[in-house]
Each structure stands twice: as structure tokens, then as C-alpha cells.
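**Q** the amino acid sequence is not available; the structure is as follows:
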């Protein structure tokens, strides 16, 4: 079993920055893909970014490209989401997700393919 724990959420003003972290723990944890999703009130959960373990290749939703950066520390089984130039529409609960699908070389942007999820961390951006 893999446990994902997010941290770093909070409240900022528009244009500000936040850095989220997600640490994976458990016995013999090996995760091929880690990702960030978010869910705003009254909306469906949406993909934000993902990163592959093998190559560190990143993929982003169009809405966050150029503003958000995902990175990972494989030794620590931790993924990060650096968020800059935040907008009120970025307000949501941000979830970390992970899966072990070594045959999938590309990024995984579909939430249903992830089988490990964190509890979520709130990000609020005020105008």
C-alpha cells in the first residue's frame, strides 16, 4: 500500500506563488507516474500536471502551462508543484496521484488510471 501526503497549500493573492509537495511512503514504493489534479467547488476534478519517473518528462494542462512547474525527487519519492502567477481561477483542492505502469512511457493525464491518491490540500487565490 502506498500513502501519499500533500503539503504546502494555503491562501495567496493573485500573482503570488505557492509550492506543493507530495511524499509517497510505503514498503518497496516504486511509482512510474506521479501527477497533480485539482477540483474547484462545483466542478469536476481536472488534470494539472504529471511527471514520469524514468525520464522526468512533464506534461501540463493548457491552463497552467508557463505558470506551473512539476518536478520530482525519486530518492525521496516526492513530487513538487511550483505554482507562480496564480489566478483566482486556480482556487481548488489540489490532489496528488500516483501509479505504477512501467510500460506507459508517456505521461498519464487520465485520473481513472491512478490508483493512489492523497487527501488533498486547499489552494485559495484572492483577487
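**A** Right, received. Where do you want to start? From a predicted model like this one, the values you see are computed outputs, not experimental measurements.
**Q** how far off centre is stretch 37-46?
**A** 13 Å (Cα atoms, centre = their mean, to the nearest Å).
**Q** who's in contact with it?
**A** For stretch 37-46, the external contacting residues (Cβ atoms under 8 Å, 6 or more residues apart in numbering) are 47-48, 61, 89-95, 97, 111, 120, 123. C-beta: built from backbone N, CA, C; applies to glycine.
**Q** which residues in the chain form strands?
**A** Using DSSP state E, the strands of the chain run over 3-7, 10-13, 18-25, 33-39, 46-52, 58-60, 68-73, 78-83, 92-99, 116-117, 121-126.
**Q** to residue 105, which of the ones you listed lies closest?
**A** Smallest distance to residue 105 across these (Cβ to Cβ): 7.2 Å, for strand 46-52.
**Q** strands paired with that closest one, and their directions?
**A** Applying DSSP bridges, strand 46-52 is found paired with strand 33-39 (antiparallel), strand 58-60 (antiparallel).
**Q** that older thread, of the contacts of stretch 37-46, buried ones?
**A** For the contacts of stretch 37-46, a burial check counting by 16 or more other Cβ atoms under 10 Å picks out 47-48, 61, 90-95, 97, 111, 120, 123.
**Q** now those in TSV, with distance to residue 32?
**A** Below are these laid out as TSV (distance: Cβ to Cβ, whole Å):
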residue	distance to residue 32
47	17
48	18
61	20
90	27
91	30
92	25
93	25
94	21
95	18
97	12
111	16
120	22
123	26
